[in-house]
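**Q** Provide a 3D model corresponding to the input given below.
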Amino acid sequence: MKERGVFLFGYIRASKGDLKVKEYEFYKAVYCSLCKTMGREYSLLSRFTLSYDFTFLALLNMALKDECDAVERKHCVFNPLKKCIFCKNDDDIKLPAATAVMLNYYKVLDNINDEKGLKKLGFVIAKPFFKAPYKKAAKKYPQIDEILSEYITSQTIAEKSPNCDLDMAADPTAKMLSALLMELSDDNAQKRVLDRLGYCIGRYIYLIDAYCDLDDDIKHKSFNPLKQRENQKELISQQLYFSINEACKAFELLDIKKYKNILGNILYLGLEETFLKETNK
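**A** Numbers count the residues shown, from 1 in each chain. A predicted model of the protein is given here:
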């Protein structure tokens with residue numbers, strides 16, 4: 001059964017045109033720092049699986065801290081002739097990087113269960129290359145691995161239920177991201193807000209992914225909670241705007257120390273921009 005909603009698709013992106021140049025440069029620096037950290041600590045292959053979703057996670061983790069984040073310009077691993085900006089201190093990058101590595105492994109397992117023929121064989125062959133980095137990341141952050149494992153189990157149970165509706169199907173992804181975001185702070189008040197923020201963004205991820213995969217899921221007779229619903233675009237629009245609005249309300253309650261403009265850009269503009277782009281293809 002295909003597990004949708006996994007935090008890997010790049011649905012959480014900034015609206016580039018509405019960011020100042022220095023803000024967009026720092027946004028890219030966080031992405032490049034994630035890429036560098038994943039390659040250094042796990043594997044070169046893991047670099048190719050990175051999406052901007054984890055840039056949001058890393059940026060939020062950094063934004064809740066008081067420390068100044070210095071940057072430096074170094075050569076890109078993939079293009080030695082090009083220099084990129086990196087964060088000098090990657091302490092707040094490490095947890096999002098490990099999360100990306102673990103989710104990649106779970107995605108490979110899901111594809112092995114879901115695909116057939118040569119595609120399935122390809123993922124079976126790829127599995128060992130993802131398993132070793134996964135085990136290393138899970139050892140460093142067992143609490144994150146537990147969150148992801150519980151998510152996969154809950155998602156499978158929900159989608160196998162004969163009574164599974166849109167809310168029930170989206171709930172595991174929402175709770176997974178809620179739990180992940182709560183790991184970013186030790187402050188109880190902040191945790192409560194992060195709980196709500198994560199839930200709303202996680203629900204957004206599931207819903208937009210369900211809409212984008214609808215035609216493919218109908219063709220391959222895969223589970224999709226929208227298959228039996230009429231006026232899917234109208235329904236998904238209402239649900240997505242509700243999730244975006246609720247996420248923005250939660251964001252305003254957070255004690256953000258820095259990068260509020262970049263994070264606000266992602267939530268207030270980027271989510272809607274991505275939604276409109278994906279649903280008008």
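**Q** Next, the most far-flung residue of the chain relative to its centre: phi, psi?
**A** Residue farthest from the centre of the chain, counting by CA atoms, centre = their mean, is Leu81 at 30.0 Å. Backbone torsions of Leu81, given as degrees, to the nearest 10, read phi -80, psi -10.
**Q** I'd like to know how far it sits from Lys74.
**A** According to CB to CB, to the nearest Å, Leu81 stands 13 Å off from Lys74. Quick note: C-beta positions are derived from backbone N, CA and C, even for glycine.
**Q** what's the answer for Thr173, then?
**A** Thr173 is 35 Å from Lys74, where distance means CB to CB.
**Q** can you check Lys136 too?
**A** Going from Lys136 to Lys74 by CB to CB gives 24 Å.
**Q** Lowest average confidence across helices and strands of the chain, where is it?
**A** Least confident helix or strand of the chain, by mean pLDDT, DSSP states H and E, is helix 214-219 with a mean of 85.
**Q** quick one: buried residues of the next helix or strand after it?
**A** Counting by DSSP states H and E, the element after helix 214-219 in chain order, helix or strand, is helix 232-253. By neighbour count on 16 or more other CB atoms under 10 Å, the buried set for helix 232-253 is 232, 236-237, 239-240, 243-244, 246-247, 250-251.
**Q** Touching helix 232-253 from outside, list them.
**A** For helix 232-253, the external contacting residues (CB atoms under 8 Å, 6 or more residues apart in numbering) are 166, 193-194, 196-197, 200-201, 203-204, 207-208, 210-211, 214, 226, 229, 263-264, 267-268, 271-272, 275, 279.
**Q** try stretch 52-60
**A** Contacts for stretch 52-60 (CB under 8 Å, 6+ apart): 7-14, 27, 30-31, 33-34, 92-93, 96-97, 99-100, 180-181, 184, 205, 259, 262-263, 266.
**Q** average pLDDT for that stretch?
**A** Mean pLDDT, computed over stretch 52-60, is 95.
**Q** ok, and for that stretch, which residues are buried?
**A** By neighbour count with 16+ other CB under 10 Å, stretch 52-60 contains the buried residues 52-60.
**Q** Out of these, which comes closest to Lys20?
**A** Closest to Lys20 out of the buried residues of stretch 52-60 is Leu59 (15.0 Å), distances taken as CB to CB.
**Q** Is it correct that Cys84 is in contact with Tyr31?
**A** No: Cys84 lies out of contact with Tyr31 (CB atoms under 8 Å); the separation is 9.2 Å.
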